[in-house]
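J.: Just the structure for this:
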Amino acid sequence: MPKMTIDGREIEVPAGITVLQACELAGVEIPRFCYHERLSVAGNCRMCLVEQEKAPKPIASCAMPVMENMVIKTNTPVVQKARKGVMEFLLINHPLDCPICDQGGECDLQDQAVAYGRDASRYDENKRAVAEKEMGPLIKTVMTRCIQCTRCVRFATEIAGVEEIGLLNRGEHAEISTLERAIPSELSGNLVDVCPVGALTARPYAFTARPWELRKTDSVDVLDAVGSNIRVDTRGREVLRVLPRINEAVNEEWLADKSRYAVDGLTRRRLDRPYVRGADGRLHPASWAEAFKAIADKVAGLQGAEMAALAGDLCDAESMLALKQLMAALGSANLDCRQDGAKIGQGAEAGFLFNTSIAGLEQADAVLLVGSNPRHEAPLVNARLRKRFLKGGLKIAVIGPKPDLTFPSAHRRESTAALEAVAKGEGFGAVLKGAKNPAIILGQGALARADGAAVLALARQAAESLGLVREDWNGFNVLHTAAARVGGLLLGFLPGAGGLDRDAILAGAQSGAVKLVYLLGADELPAGSLGKAFVIYQGHHGDAGAARADVILPGAAYTEKNGTYVNTEGRVQLGRLAAFPPGEAREDWTIVRALSEHLGHRLPYDNLGQLRAQLIAANPRFARLDEATPGAWGNFGQAGALGAEPFASPVRNYYMTDPISRASATMAECTAAFVRPLAATGTGA
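T.: You can find the predicted model right below:
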């Protein structure tokens, strides 16, 4: 490790790092605009100039590798003069937009101009103006503010994998430009985060609030199963924006567009009071007591086998445990958290977890995707795969529809026969067998089918025969699309002894054998599948479940409650209350707890701490916060005949997959901009 001196202090630093990184290790702050830890070095802005002993002029610290016995000075008069000069150049054409710029208050240019700039400019020429660029419904551009740091260009090219942004011309005429169309990426919102000035801002958030007006709450995203760490910014009772938090093991510092921009759906189509369907067939507002009485009157005449419960995709673990205990007290074993009918959850935990872990994908050298399009199902998992691809040495193959993953992949047909060939070691199976760290990613498109259990068993057989599972590596992965799914499976929100699964519950509702169905935020069921059953819907949006309900119990959205969520890799994380639910809506577990008293089966807890203690008792994994460990390997899946129908991704419209995003006006604009043009041309939906 080379030794160097920084501001008179000798330190030892890792070989291969830059002078800027070495200064940060020494606790010295170096200003920068173009440099970003996760992007390639550009050396554009020159704001990071430092003085190197024996060098004829200041050096760009972001582009200079450290060398043995290097002597660096970061705060000499020469450095100060150079930084002031650079800042003066950057501000020559920058407009005085701070009072109206959405970046105001959290702008790198503002902060560094105050810390390192001059108090006046020597340039009196007219400022130039640059035409705005079209970047779609999510990105608002004011390109006159741009300082050509090229962070956006490098992010789009390297991380997002869409070469839609570039730098045109040279010198004073240089400008960032696009292909004059919306940026076709599920990660485009991160362009706002990487932009150090106000050139790129969030269009849905434009002119809404200043950062110092907002209350900030650390939480976790639930609009996919990645479990991205987020910060929820609220003013009063309204969520105004969601930003990513750094978690190297999950989302690094990025966030998918739906998770970031669908929050306007939290204020639309909300359920804010109980409803009961009257004799006229219409839903009428009711009090909580009236809603509970309607349920109690119906339950009183039913046997346990005539009742069932289905949990949706956005549920927290606390509410699922409470509902499971209530149904058990009522004598019903008809439970299911797999509202898409996925054939998973029976057998060893490894059979439904992303065992490699999201960060662990960076160690894989051969990956097979089966019935999955991670770009739409989990954009940040796709970003990890691209990151690994860019390092080199990664081979990827897809069984299912050929997707545009933003990196090359071999297509191995769409049928189950291709998976059978892999399991025998043929084709890409030989590649997996010869790889050091091979992995299979099994999507819900492969599991939510009639033969899903057989597909799961075949994938397990392939994993065992091809060496994907060893003591130091588990390459068997299930990629979920629902934030509640793994939590429900860990809690056993599944059919008990003699109980009915999702398909049997819907069939029973059609035949009349199941007379009452409790929907806990379940909105993705086929239309008309509940027959004439009495339906209780507990949720936060007036979506499909509420439209079919006989009694509606208004719950809280994920930003309005303290809840536990488990992501696709089995990582337990806590979501926190950032705003209160509207009207008479309440946190979901408290609704189930209150209902239990009216039904004569009082649940044994009165606060969240007591309920979480029961969570841990139900499965010790809930005690290990923010840990992702592979599940115990064992038997799972069920061997059987495989269907001939091709695999298909379960996500047809990335921007509308749940009640919140379907209520979002911003997601409707994204659907019009990105999904409908593809559907019109027949290239996908």
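J.: before we move on, could you check phi and psi at residue 575?
T.: Main-chain dihedrals, residue 575, degrees, to the nearest 10: phi -90, psi 140.
J.: for it, what are its contacts?
T.: 219-220, 222, 316, 558-559, 561-565 (Cβ atoms under 8 Å, 6 or more residues apart in numbering). For the C-beta atoms, the positions are set from N, CA and C on the backbone; glycine is no exception.
J.: Could you do residue 514 as well?
T.: Shown in contact with residue 514 (Cβ under 8 Å, 6+ apart): 306-308, 334, 500, 505, 508, 533.
J.: quick one: which of those is nearest residue 641?
T.: Nearest to residue 641 among the contacts of residue 514 is residue 500, at 22.8 Å by Cβ to Cβ.
J.: Assess the claim that that closest one and residue 327 are in contact.
T.: No: with contacts counted by Cβ atoms under 8 Å, residue 500 stays clear of residue 327, the gap being 11.7 Å.
J.: shared neighbours, the two?
T.: 333-334.
J.: the strands in the stretch 101-250 of the chain, which residues?
T.: With DSSP state E, counting those that start in this stretch as the criterion, the stretch 101-250 of the chain has strands at 139-141, 165-168, 175-178, 200-202, 215-220, 229-235, 238-244.
J.: And the contacts of the last one?
T.: What that stands for is strand 238-244. 190, 193, 202, 205, 208-209, 214, 221, 228-234, 251, 253-255, 259-261, 263, 266-267, 559, 578-579.
J.: List buried residues within these.
T.: Neighbour counting by 16 or more other Cβ atoms under 10 Å classes 190, 193, 202, 205, 209, 214, 221, 228-234, 251, 253-255, 259-261, 263, 266-267, 559, 578-579 among the contacts of strand 238-244 as buried.
J.: which stretches of the stretch 1-150 of the chain have low pLDDT?
T.: For the stretch 1-150 of the chain, applying pLDDT under 70 flags no range at all.
J.: wait, I meant the chain
T.: 677-685.
J.: In the stretch 51-200 of the chain, mark out all the helices, start to finish.
T.: With DSSP state H, counting those that start in this stretch, the ranges of helices along the stretch 51-200 of the chain come out as 77-90, 108-116, 151-154, 190-194.
J.: Would you point to the one among the ones you listed that's packed deepest?
T.: Among these, helix 151-154 has the highest mean neighbour count (mean count of other Cβ atoms under 10 Å), at a mean of 24.
J.: Who are the packing partners of it?
T.: strand 165-168, helix 190-194 (3 or more Cβ pairs under 8 Å, 6 or more residues apart in numbering; DSSP states H and E).
J.: Indicate which one of the strands of the stretch 101-250 of the chain is closest to residue 347.
T.: Among the strands of the stretch 101-250 of the chain, strand 215-220 comes nearest to residue 347, with 27.4 Å by Cβ to Cβ.
J.: circling back to that earlier point, turn the helices of the stretch 51-200 of the chain into a markdown table, including distance to residue 414.
T.: Output for the helices of the stretch 51-200 of the chain, formatted as a markdown table (distance: least, Cβ to Cβ, whole Å):
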| stretch | distance to residue 414 |
| --- | --- |
| helix 77-90 | 52 |
| helix 108-116 | 47 |
| helix 151-154 | 35 |
| helix 190-194 | 32 |
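J.: How about residue 298: what's its closest non-neighbour residue?
T.: Nearest non-adjacent residue to residue 298, counting by Cβ to Cβ, 6 or more residues apart in numbering: residue 534, 5.1 Å away.
J.: Any idea what that neighbour is bridged to?
T.: Residues in a beta bridge with residue 534, per DSSP bridges, are residue 516.
J.: need the contact list for residue 605.
T.: Contacts of residue 605 (Cβ under 8 Å, 6+ apart): 593, 611, 613-614.
J.: Sorry, wrong one. I was asking about residue 475.
T.: Residue 475 makes contact with 355-356, 364, 437-440, 463, 468-469, according to Cβ under 8 Å, 6+ apart.
J.: And for residue 272?
T.: Taking Cβ under 8 Å, 6+ apart, we find residue 272 in contact with 554, 581-585.
J.: Please apply the same query to residue 284.
T.: Contact criterion Cβ under 8 Å, 6+ apart gives 275-278 as the residues in contact with residue 284.
J.: Between those, which sits nearest residue 676?
T.: Once Cβ to Cβ is applied, the member of the contacts of residue 284 that ends up nearest residue 676 is residue 275, at 33.1 Å.
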